[in-house]
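Enquirer: sequence first, then the predicted structure, then my questions.
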Amino acid sequence: MAKTARIVVCDDEPSIRKTLSEVLGDEGFTCESVASGEALLNHLKSAEQRIDLVLLDVWLPGMDGVETLSKLREMGFKMPVIVISGHATLDSAVKATRLGAFDFLEKPLNLDRVLLSVQNALKQAHLERKEKLLRASQDSIELIGQSEAMARVREEIELAAPTPGRVLILGESGSGKEVAARLIHQLSDRRDEPFIEMNCAAIPEELIESELFGHMKGSFTGAVENRPGKFEQADGGTLFLDEIGDMSLNTQAKVLRVLQEQRFQRIGGHKTIQVDVRVIAATNKDLSKEIKNGTFREDLYFRLSVVPLEIPPLRARLEDLPLLIHYFFNQFSQAYGRKSPELSEDALRLLASYHWPGNVRELRNVAERLMIMMRKPIVEVKDLPANIRGSETEELWFGNFTSLKDARDYFEKKFIEYHLRRNEGNISRTADIIQLERSHLHRKIKQYGISHNGSQS
């Protein structure tokens, strides 16, 4: 699944460069060679693909190997470097080690020893990248909820994840599409490779191709260095294209071609880059309508939606709300070093009556706000955000009625009482205003036991 490692040999002896290139090539590595430190740095700066390892001689014309390694680190190159020398000294070995050299080999080279060191260095680099990716995604990847809707989503993810099939995740903003994408990656055989995400709606149209495919230095204004794109970064792993419905038709055509061929060129580049990437896309738009409107390509839709997956909004699975709020409280309790509060029954009932336009993301923000602002162990209704307390009126009006008749009778009584008060108990004037026969109004007053003062005529 992982890409073939690319290795550069830097040595001023042609025979060493030739031998190492042939041996490494026979082992399946892609090998390139240069004859000086200056040439190595220029080669790394202009490389159109990531260099995974460098074999670096100490004794070089011009800039020596230790100085070259120092410059290489200053420029931000972090690949493992194996230093080789026919005139090894303790001082040069110590300097190289301090600069992060993975190994120090003496000439004449033992080729078996070279291969072992190369394999160990690449394995170590892979483990470090994996650890970095794991640290970057330390938030637990879970789809919280025991509702029937979420059980169905989890089942579909478990079926789709181990396959190479592309997945199109549909759902409202904040419903958990990114969490679902990460879970698919985590349950796939690509779990140890990169998960790279890109929000297509957040990147200006003139920059999106550079973000996807990368660019070469000088290819456009502002391109001050070579830069790999998201497809290249995701090689061997998963690329998550969020808000794919906001991508322009021009970019859609280029993405379609990459999905078909799994290869592309950087902007301003000439080398074809081959990748192995699983694409997961997501959108909150109705793509069938976008296709009819001519803003989304039908052929791209069918390429992306091998496995369509729909994430329900929070209001469609409110039975999951207590689990979700408890989950977020626990998360923020650990992050802020505070004890999780409890929700009163009234507060929980009001949260469940709210329509949650921002879905799970909005609930998470509410939980974080409560964790920061609360100084009491119990969250009451008055502690909830104002926009949620606004739904309390609906709860007071409708939450206590079990039948339409009860709600209608309650409303009629309050309506008549209000207008009788405004008309100082005058039944005739009240009947005229509410457009009801006076005899009918008398019956309603008696039916509801309404007391009134003032003129009865």
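Expert: That came in fine, so what should we check first?

Enquirer: alpha carbons only for contacts and neighbour counts from here, please
Expert: Will do.

Enquirer: now do the contacts for the spatially most central residue of the chain.
Expert: Geometric centre of the chain, nearest residue: Glu178, 4.7 Å, by CA atoms, centre = their mean. By CA atoms under 8 Å, 6 or more residues apart in numbering, the contact set of Glu178 is Asp242.

Enquirer: okay, buried residues for the helix or strand where it lies please.
Expert: Per DSSP states H and E: Glu178 is located in helix 177-186. For helix 177-186, a neighbour-count test (16 or more other CA atoms under 10 Å) marks 177-178, 180-186 as buried.

Enquirer: how about stretch 323-330?
Expert: 324-325, 328-330.

Enquirer: going by neighbour count, which residues in stretch 206-226 are buried?
Expert: For stretch 206-226, the neighbour count (16+ other CA under 10 Å) marks 208-217, 219, 226 as buried.

Enquirer: ok, Ala160 to Arg73 distance?
Expert: Ala160 sits 42 Å away from Arg73, going by CA to CA, to the nearest Å.

Enquirer: who's more crowded, those two?
Expert: A direct count of neighbours by other CA atoms under 10 Å for Ala160 and Arg73 places Ala160 higher, at 20 against 13.

Enquirer: per-residue confidence for the more buried one?
Expert: Ala160 is assigned 96 on the pLDDT scale.

Enquirer: that one touches Pro308, doesn't it?
Expert: No - between Ala160 and Pro308 there is no contact under CA atoms under 8 Å: 9.8 Å.

Enquirer: re the thing from before, closest one to Arg364 out of the buried residues of stretch 323-330, please.
Expert: Within the buried residues of stretch 323-330, the smallest distance to Arg364 is 6.2 Å, found for Phe328 (CA to CA).

Enquirer: quick one: contacts for the closest one?
Expert: With the criterion set at CA under 8 Å, 6+ apart, Phe328 makes contact with 364, 367-368.

Enquirer: next step: these restricted to helices.
Expert: Residues from those lying in helices, with DSSP state H as the criterion: 364, 367-368.

Enquirer: what segments of this structure are strands?
Expert: 6-10, 30-34, 53-57, 81-85, 103-106, 167-170, 195-199, 238-242, 263-264, 273-274, 278-283, 307-310, 342-343, 378-379 (DSSP state E).

Enquirer: the last one packs against which elements?
Expert: In other words, strand 378-379. Applying 3 or more CA pairs under 8 Å, 6 or more residues apart in numbering; DSSP states H and E, we find strand 378-379 packed against strand 342-343.

Enquirer: strand partners (parallel or antiparallel) of the strand it packs on?
Expert: Each strand paired with strand 342-343, and its direction, by DSSP bridges: strand 378-379 (parallel).

Enquirer: what mean pLDDT does the strand it pairs with get?
Expert: Here strand 378-379 scores 94 as its mean pLDDT.

Enquirer: please enumerate residues in contact with it?
Expert: Identification of contacts with strand 378-379 by CA under 8 Å, 6+ apart yields 341-344, 347.

Enquirer: neighbour-wise, give me the winner out of the residues you listed.
Expert: The residue in the contacts of strand 378-379 with the most neighbours, by other CA under 10 Å, is Ala347 (21 neighbours).

Enquirer: give the residues shared as contacts by Ala160 and Pro308.
Expert: By CA under 8 Å, 6+ apart, the residues touching both Ala160 and Pro308 are Val167.

Enquirer: helices of the stretch 201-350 of the chain, residue ranges please.
Expert: With DSSP state H, counting those that start in this stretch, the ranges of helices along the stretch 201-350 of the chain come out as 205-213, 230-233, 249-261, 287-292, 298-304, 321-336, 345-353.

Enquirer: a markdown table for those helices, including mean pLDDT and distance to Ile273?
Expert: Below are the helices of the stretch 201-350 of the chain laid out as a markdown table (pLDDT from 0 to 100; distance: least, CA to CA, whole Å):
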| stretch | mean pLDDT | distance to Ile273 |
| --- | --- | --- |
| helix 205-213 | 92 | 9 |
| helix 230-233 | 95 | 8 |
| helix 249-261 | 95 | 10 |
| helix 287-292 | 96 | 30 |
| helix 298-304 | 97 | 21 |
| helix 321-336 | 91 | 41 |
| helix 345-353 | 90 | 51 |
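
Enquirer: for the stretch 101-250 of the chain, which residues score under the pLDDT cut-off?
Expert: 132-141 (pLDDT under 70).

Enquirer: switch to 90 and redo it
Expert: For the stretch 101-250 of the chain, the stretches with pLDDT under 90 are 104, 106-108, 125-143, 192, 204-206, 217-227.

Enquirer: done for today, thanks.
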